[in-house]
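In: Sequence plus predicted model, see below.
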Amino acid sequence: MDRVMEGGCGTRRQRWSQEETTQQAEREKWNEDTDVKKAESTEKKVEERGQWGSKAEFLLAIVGTVVGLGNVWRFPYLCYKNGGGAFLVPYLLFVVACGVPLFLLETAVGQYTRQGLVTCWKRLCPLAEGIGYGGLMIQLYNCVCYIIILAWALLYLIFSFSSNTPWASCTNIWNTANCVEVRKQTIAANWTRQTNATSAAVEFWERRVLSISGGIEEVGHVRWELALCLMAVWVTCYFCIWKGVKSTGKAVYFTATFPYLMLLVLLVRGLTLPGAFQGIVFYLYPEPARLADPQVWLEAGAQIFFSYSVGAGGLTVLGSYNTYNNNCYKDCWLCLLNSGTSFVAGFAVFSVLGFMAHELGVPIEKVAESGPGLAFIAYPQATAMMPFPQIWASCFFIMIILLGLDTQFVSAEVVITSVSDLFPALRRVGGRQIFLLLFCVFCFLIGLLMVTEGGMYVFQLVDYYGSNGVCLVSIAIFESLTVGWVFGPENLYDVIEDMAGVRPNALFKFCWRYLTPLVSLGSLIFYFVKYKPLTFNHWYVYPDWAYTLGWLMALSSIVMVPCWGIVKVCTARGTMKQRLSNLCHPDDDLPLTQKHTAEQQPVTSGMEMLAMIIEEPSNNQ
């Protein structure tokens, strides 16, 4: 009887083993078919969405977006103003604590999800989807505002080809009786004694180019020359990105490299001018005592967030067009090119300012400026004092236009890509081009307000509040907290290792969890402690309604994150614990999530096999 039972059990085990083998083979075949279908679906989506034609296109696009106008007109001035060489100490600390970690975070997230600014966070952590909408708002303000600088530069470039540069003389119809031609030391000495005197370059900028009114309340008429320049720049921007990365990838070969040639020309010319060494000493002379000033640390942090293009989503979108196995960890060190360019640009700028101070016989503090004042007053005025001013002025403004153009069309690409990923129907034939055209026309019409007689006040308001450091730092804090405490740094390490085949340095984990959010929060606190309301030219105070509008623009991006999270929690189903668990879980379609799911598939245990064997006789009975 026992032998019969053993024989029956043995037969059942054999039959069960054969059935299990057959089922296993069927499961494997089904998994293979599923993997093939998913791969085909992924390839189809990538083909519809687009992808960089080569690694060089991606790298040049990154160079174009992280190297911009701030490298030329902001970093050199901040370095001079905040302790010279000593300023590099807080600057480099912010590079390590915020710049490089956030650069890797954003490019890795974009490459992993292959989605735009909004849908990438939706797939990675639905609770943090508001990060994408907040960044999108910042990019909208950037698109409207940043391109105005290019319109100004284009108008200056056109005037650079005049036989006599108009910002060098006081014989023009827009000049006043107080105008002084700043060309010689004797004239400069007289100029410094005249309290109401203004230089020809200042009058050209304020009276000819801007025709500036008395305040934001006096909008005045549209400056038709600037409006045509604005239209020309938008047309150029449209055709740079109208076919997505196919056209963007080709445009950056020129727009990202040619400015370096212009910078080299200006650097060599500047270093050969008399007084250049004096300017470089002012630029780099270290003042260690300035490190005790919180304002120095605040401005160093703000410069990193601005110049490294973190927080606004540009890096995420550019990374989303990479191949899955691209080494994003290696690419993240490319951001250091930004700091190198800023440092070298300081030599080109301050050598020319040193020459200008030498020629005028005045301290360099009188000629050193930051922002539009450097690009449209100080530098043109300096070129007017050189032989063949037309050559140096045109080189400078070509560099300004190209530096700004690639940053501008990356901002526009972020908006277009993010909206297209939200609404894939826009990717149909002609859909992207039509939407891009409507977007450019919309931004152009809004921009017309900034090329009116009161447009400079509007421009400064939007620039100062809509896309300022508060917005960028806030988004950066939310990003690092999401990855560091919700998605998990170990998971992002696994993602990068799966894509790039290399595991990042342990310092990145520490930065994402602790250092980046704490340093960013400290910068934010210092900003509010030291906050000063916006003024124009240190004398014009905006009306209260303008400040209210400005802070509404700033909050429009910041509050997106908590508000969107609250909406998602309130509209989800299940208990609070279930809602939070679902909203913090990445999309099941993400590559690494699929791998983890496959690894965790239940395997039939020995006890389950025995139960099936014992259960079979009872079923037969």
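Out: Nice, thanks for sending it over.

In: Which residue ranges of the stretch 501-621 of the chain form strands?
Out: 535-536, 540-541 (DSSP state E, counting those that start in this stretch).

In: Mind putting those strands into TSV with mean pLDDT, distance to Ala345 and mean neighbour count?
Out: C-beta here means a position set from N, CA and C on the backbone, and glycine is covered the same way. TSV is the format used below for the strands of the stretch 501-621 of the chain (pLDDT from 0 to 100; distance: least, CB to CB, whole Å; neighbours: other CB atoms under 10 Å):
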stretch	mean pLDDT	distance to Ala345	mean neighbour count
strand 535-536	87	26	14
strand 540-541	91	29	14
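
In: Tell me which residue is most central in this protein.
Out: The chain has Ser309 as the residue nearest its centroid, 2.8 Å off, counting by CA atoms, centre = their mean.

In: Now it. Its backbone dihedrals?
Out: Backbone torsions of Ser309, given as degrees, to the nearest 10, read phi 60, psi 30.

In: Report the contact partners of it.
Out: Going by CB atoms under 8 Å, 6 or more residues apart in numbering, Ser309 touches Thr65, Val66, Gly68, Leu315, Thr407.

In: ok, 7 Å please
Out: Neighbouring residues of Ser309 by CB atoms under 7 Å, 6 or more residues apart in numbering: Thr65, Val66, Leu315.

In: So which residues of the stretch 51-200 of the chain form helices?
Out: 55-66, 69-73, 75-81, 88-94, 100-113, 117-124, 130-160, 185-193, 200-203 (DSSP state H, counting those that start in this stretch).

In: now the helices for the stretch 451-600 of the chain?
Out: Here the stretch 451-600 of the chain has its helices, by DSSP H, counting those that start in this stretch, at 455-461, 469-481, 489-500, 506-510, 516-529, 544-558, 560-571, 576-583, 591-599.

In: and the angle for the longest one with helix 130-160?
Out: Using axes from the mean of the first three to the mean of the last three CA atoms, to 10 degrees, one finds that helix 544-558 and helix 130-160 are set 120 degrees apart in direction.

In: Show me what counts as buried in stretch 262-274.
Out: Met262, Leu263, Val265, Leu266, Leu267, Arg269, Gly270, Leu271, Leu273 (16 or more other CB atoms under 10 Å).

In: Identify the residue nearest the third one in space, chain neighbours excluded?
Out: Beyond its immediate neighbours in the sequence, the residue positioned closest to Val265 (CB to CB, 6 or more residues apart in numbering) is Cys395, lying 5.5 Å away.

In: Which element is encountered next along the chain beyond the helix or strand encompassing the one you found?
Out: Cys395 belongs to helix 389-422 when elements are defined using DSSP states H and E. Using DSSP H and E, the helix or strand that follows helix 389-422 in sequence is helix 431-447.

In: The residue nearest to Gly455 when sequence neighbours are not counted - how many residues pack around it?
Out: Closest residue to Gly455 apart from its sequence neighbours, by CB to CB, 6+ apart: Leu449 at 6.3 Å. Here the number of neighbours of Leu449 (other CB atoms under 10 Å) works out to 16.

In: now swap in Gly340 and tell me
Out: Neighbour count of Gly340, defined by other CB under 10 Å: 11.

In: what's the following helix or strand after whatever helix or strand it lives in?
Out: Secondary-structure assignment from DSSP H and E places Gly340 in helix 336-360. Going down the chain from helix 336-360, the next helix or strand is helix 372-373, by DSSP H and E.

In: Against which helices or strands is the following helix or strand past that following helix packed?
Out: As assigned by DSSP H and E, the chain's next helix or strand after helix 372-373 is helix 379-384. On a contact count with 3 or more CB pairs under 7 Å, 6 or more residues apart in numbering; DSSP states H and E, helix 379-384 meets helix 336-360, helix 389-422.

In: okay if I get those helices as a markdown table plus distance to Gly430 and mean pLDDT?
Out: A markdown table is the format used below for those (distance: least, CB to CB, whole Å; pLDDT from 0 to 100):
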| stretch | distance to Gly430 | mean pLDDT |
| --- | --- | --- |
| helix 336-360 | 37 | 88 |
| helix 389-422 | 13 | 92 |
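
In: I'd like to know which of those helices lies nearest to Asn325.
Out: Closest to Asn325 of the helices and strands packed on helix 379-384 is helix 389-422 (CB to CB; 21.1 Å).

In: about what we covered before: deepest of the helices of the stretch 451-600 of the chain, which one?
Out: For the helices of the stretch 451-600 of the chain, the largest average neighbour count (mean count of other CB atoms under 10 Å) is found in helix 469-481, namely a mean of 24.

In: still on that earlier bit, could the strands of the stretch 501-621 of the chain be laid out in TSV, adding distance to Thr341?
Out: Below are these laid out as TSV (distance: least, CB to CB, whole Å):
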stretch	distance to Thr341
strand 535-536	29
strand 540-541	33
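
In: nearest to Leu461, of the ones you listed?
Out: Per CB to CB, nearest to Leu461 of those: strand 535-536, 9.3 Å.

In: List of residues touching the closest one?
Out: By CB under 7 Å, 6+ apart, strand 535-536 touches Tyr457, Gln460, Val541.

In: Swap in 6 Å and give it another go.
Out: Identification of contacts with strand 535-536 by CB atoms under 6 Å, 6 or more residues apart in numbering yields Val541.

In: ok, back up a step: which of the buried residues of stretch 262-274 fall within strands?
Out: Among those, the subset assigned to strands under DSSP state E is empty.

In: can you tell which of the helices of the stretch 451-600 of the chain is closest to Pro90?
Out: Nearest of these (CB to CB): helix 516-529, 10.3 Å.

In: quick one, what contacts Gly130?
Out: Going by CB under 6 Å, 6+ apart, Gly130 touches Met560, Val561, Trp564, Gly565.

In: so what's the residue nearest to the last one when sequence neighbours are not counted up against?
Out: Closest residue to Gly565 in three dimensions, ignoring its sequence neighbours and counting by CB to CB, 6+ apart: Leu127, at 5.2 Å. When the contact criterion is CB under 6 Å, 6+ apart, the partners of Leu127 are Gly565, Lys568, Leu583, Cys584.

In: Just give the number of residues close to Val441.
Out: Val441: 13 surrounding residues under other CB under 10 Å.

In: got it, and Leu405?
Out: For Leu405, using other CB under 10 Å, the count is 26.

In: Check Gly50 too.
Out: Gly50: 20 neighbours (other CB under 10 Å).

In: Retrieve the pLDDT associated with it.
Out: For Gly50, the pLDDT comes out at 80.

In: what's the answer for Ser163, then?
Out: pLDDT for Ser163: 86.

In: do you know how far it is from Glu181?
Out: Ser163 is 16 Å from Glu181, where distance means CB to CB, to the nearest Å.

In: who has more neighbours, these two?
Out: Taking neighbours as other CB under 10 Å, Ser163 and Glu181 compare with Glu181 leading, 17 against 5.

In: Pretty sure that one sits against Ala201.
Out: No - counting by CB atoms under 6 Å, Glu181 sits too far from Ala201 to count as a contact (9.6 Å).
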